[in-house]
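Student: Okay, predicted coordinates and the sequence, questions at the end:
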Amino acid sequence: MPHQWLEGNLPVSAKCAVCDKTCGSVLRLQDWKCLWCKAMVHTACKDLYPRKCPLGQCKVSIIPPTALNSIDSDGFWKATCPPSCASPLLVFVNSKSGDNQGVKFLRRFKQSLNPAQVFDLMNGGPHLGLRLFQKFDNFRILVCGGDGSVGWVLSEIDKLSLHKQCQLGVLPLGTGNDLARVLGWGGSCDDDTQLPQILEKLERASTKMLDRWSIMSYELKLPAKPSIPSVTVEEESEECQISAYEDSVAAHLAKILNSDQHSVVISSAKILCETVKDFVAKIGKTYEKPVENADEADAMAIKCSELNEKLDLLLQALHTEAQAAPILPGVTPPIVEEEGEEFSSEESLSESKEQLVECVAKSSTQKLFKPREQLMLRANSLKKAVRQIIEQAEKAERTGIVQSREEEDHRRPCCSLQ
């Protein structure tokens, strides 16, 4: 390629490349300078200088203007890589990076390289430049910007399947330059006068492989996770039964305390006795199974015994408080005794119920209630005892679930990086 000479506008310190004397003038356009190799000569020495242009210091990176000689069917310029240009440089500059410092670098690159190989990412993106270079077997890319600009160019390279033909370098501008730091280009570059040295370093730089991946995320409204471990259908049914026992005890205690009808009091007392008896039997069956912690079973046995004692105290308080009242036929059927369980006191329950029946049988035609503070205390104490047994059972059940899940986690295989 021949030189492309520009007359005049030479710097004050310019010297002729042929005779090594000062050339140029501040008074008029005098002598010549090549736009590509930057050589300066006198008008008289111009014919003595070699006609072939060596393209100057950045000859490895520059695409000769003669390489751009045709347009493809889509209207894009087609570049052919001459043998002398083994690895040309494609430059992308984000003109808005670094408080618009990209504008200065954009101007400098167009002065040092072929303006056709320098592109502004803010004016058309990276597609035009990559289309220009896609026929080259090997080329380099320099992205002047932050990590976002680098990711933009890399995504376009993947779309055009050019990742096997190019190597990419980063010139950090602005903020967010983590990739440039990792690759050894520093955290920021704001001196555009160092551009020739930067291009020289880029020509001698080594290559490293870079893995990239993409993450696709979906935004969904998920239900809130329960704070307690999930339970099976069987466990839910057991919890419902225990809750039903508690509700039944509370309801019948309320009837005993609030009702003025003799038949209602007798019926509620009978049902209350049977409910507590069934409840204690249910808990006893649960703890008949082998448990890992024997202390829990002993503690539950003590609580069941206390529940029976508090039922006896309630019935005694009811016996003391009750006054004479008529016995309605069919109101006090005999209470059927069941076979004893491990944690129930059957003899005390039977004696208490017989005392209650005898007391009611001897009552007169009118029922007078003394102050019921003692009776209410007994009732509240009974409800509290039921509540404590339920909480103890739930606590033991949750502990068993957590322990079983931890054992499963310990048995899962782990993956390790070698």
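Tutor: Yes, it's here.

Student: dump the residue contacts of residue 203.
Tutor: Going by Cβ atoms under 8 Å, 6 or more residues apart in numbering, residue 203 touches 60-61. For glycine as for every other residue, the C-beta is placed from the backbone atoms N, C-alpha and C.

Student: could you measure it against residue 244, distance?
Tutor: Look at residue 203 and residue 244: by Cβ to Cβ, to the nearest Å, they are 84 Å apart.

Student: now swap in residue 152 and tell me
Tutor: Distance, residue 152 to residue 244, by Cβ to Cβ: 65 Å.

Student: Have a look at these two and say which one is more surrounded.
Tutor: residue 152 (17 against 12; other Cβ atoms under 10 Å).

Student: now that one, nearest residue through space, not along the chain?
Tutor: Taking Cβ to Cβ, 6 or more residues apart in numbering as the measure, residue 152 lies nearest to residue 126, with 6.4 Å between them; neighbours along the chain are not counted.

Student: Is there a neighbour count for the one you found? I'd like the number.
Tutor: Residue 126 has 22 nearby residues by other Cβ under 10 Å.

Student: List the contacts of it.
Tutor: Contacts for residue 126 (Cβ under 8 Å, 6+ apart) come out as 92, 119, 152-153, 156-157.

Student: These in strands, which ones?
Tutor: Judged by DSSP state E, the subset of these located in strands is 92, 119.

Student: closest to residue 167 among the contacts of residue 126?
Tutor: If you rank the contacts of residue 126 by distance to residue 167 using Cβ to Cβ, residue 157 comes first, at 10.8 Å.

Student: Which residue comes closest to the closest one once chain neighbours are left out?
Tutor: With sequence-adjacent residues excluded and distances taken as Cβ to Cβ, 6+ apart, residue 157 is closest to residue 163, at 5.5 Å.

Student: Tell me the secondary structure at that neighbour.
Tutor: Here residue 163 takes the coil state, with states given by DSSP: H, G, I helix; E, B strand; the rest coil.

Student: what number of residues lie near it?
Tutor: The number of residues packed around residue 163, counting by other Cβ under 10 Å, is 13.

Student: Correct me if wrong: it contacts residue 155.
Tutor: No: with contacts defined as Cβ atoms under 8 Å, residue 163 does not count as touching residue 155, sitting 11.0 Å away.

Student: any idea which of the contacts of residue 126 is closest to residue 18?
Tutor: Ranked by distance to residue 18 (Cβ to Cβ), these are led by residue 119 at 36.8 Å.

Student: so the closest one sits right up against residue 128, yeah?
Tutor: Yes: counting by Cβ under 8 Å, residue 119 sits close enough to residue 128 to count as a contact (6.2 Å).

Student: what's stretch 68-85 in contact with?
Tutor: Contacts made with stretch 68-85 from outside it, assessed by Cβ under 8 Å, 6+ apart, are listed as 59-60, 62-64, 66-67, 88, 116, 128, 131-133, 135-137, 139.

Student: Apply 7 Å and report the result again.
Tutor: Contacts of stretch 68-85 from elsewhere in the structure, counted by Cβ atoms under 7 Å, 6 or more residues apart in numbering, are 63-64, 67, 88, 116, 128, 131-133, 135-136.

Student: From these, list the buried ones, please.
Tutor: With burial judged by 16 or more other Cβ atoms under 10 Å, the buried subset of the contacts of stretch 68-85 is 63-64, 67, 88, 131-133, 136.

Student: Least confident of those?
Tutor: When those are compared on pLDDT, residue 67 comes out least confident, at 81.

Student: Give the helix, strand or coil label for residue 6.
Tutor: Look at residue 6: counting by three-state DSSP, its state is strand.
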